[in-house]
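Asker: Got a predicted structure here, sequence first:
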Amino acid sequence: EVQLVESGGGVVQAGGSLRLSCAASGFTFDERSIGWFRQAPGKERERVSCISSADGTTAYADAVKGRFTLSSDNAKNTVYLQMDSLKPEDTATYYCAADFPCLLGIMGVTADFWGRGTQVTVSS
């Protein structure tokens, strides 16, 4: 059974940093892609970042490129989203997701497996 458990959300001032974690079980990262989506109130869900199961490369949405870094610890089956230079527009519920297209810098728009989400609030 695939399970994804997020942690690390919180409240931070603009310009600050947070690190989100997603502990995965039921699969390994060379079997299924894994990454993050986010959804702000009243807005559509949007892609954030992913790690490809094919070659371990990462992809980022333009809105977070250069500020967010996605990494993985295969021994712990955990991925980390380091978020720096946070902006108020980064405020959203962040969802860890697995099993979706993530290749050649392109990230799919939906996934087969989802975590429950963790709230990130960036104050101005």
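Answerer: Nice, thanks for sending it over.
Asker: Every contact and neighbour count from this point should use C-alpha atoms.
Answerer: OK.
Asker: At which residues are the strands of the protein located?
Answerer: In the chain, the segments counted as strands under DSSP state E are 3-7, 10-13, 18-25, 34-39, 46-51, 58-60, 68-73, 78-83, 92-98, 102-103, 106-107, 113-114, 118-123.
Asker: which regions of the chain sit below the pLDDT cut-off?
Answerer: With pLDDT under 70 as the threshold, the chain has no low-confidence stretch at all.
Asker: Isn't Ala59 up against Cys102?
Answerer: Yes: under the criterion of C-alpha atoms under 8 Å, Ala59 makes contact with Cys102 at 7.2 Å.
Asker: Just want the most central residue of the chain.
Answerer: Closest residue to the average C-alpha location of the chain: Trp36 at 2.2 Å, with C-alpha atoms, centre = their mean.
Asker: Could you find the closest non-adjacent residue to that residue?
Answerer: Cys96 (4.6 Å; C-alpha to C-alpha, 6 or more residues apart in numbering).
Asker: same check, this time on Val79
Answerer: Nearest one to Val79, counting by C-alpha to C-alpha, 6+ apart, is Ser72 at 4.2 Å.
Asker: Any idea how many residues pack against the one you found?
Answerer: Other residues lying near Ser72 total 18 when counted by other C-alpha atoms under 10 Å.
Asker: do Ala92 as well
Answerer: Residues lying near Ala92 (other C-alpha under 10 Å) number 21.
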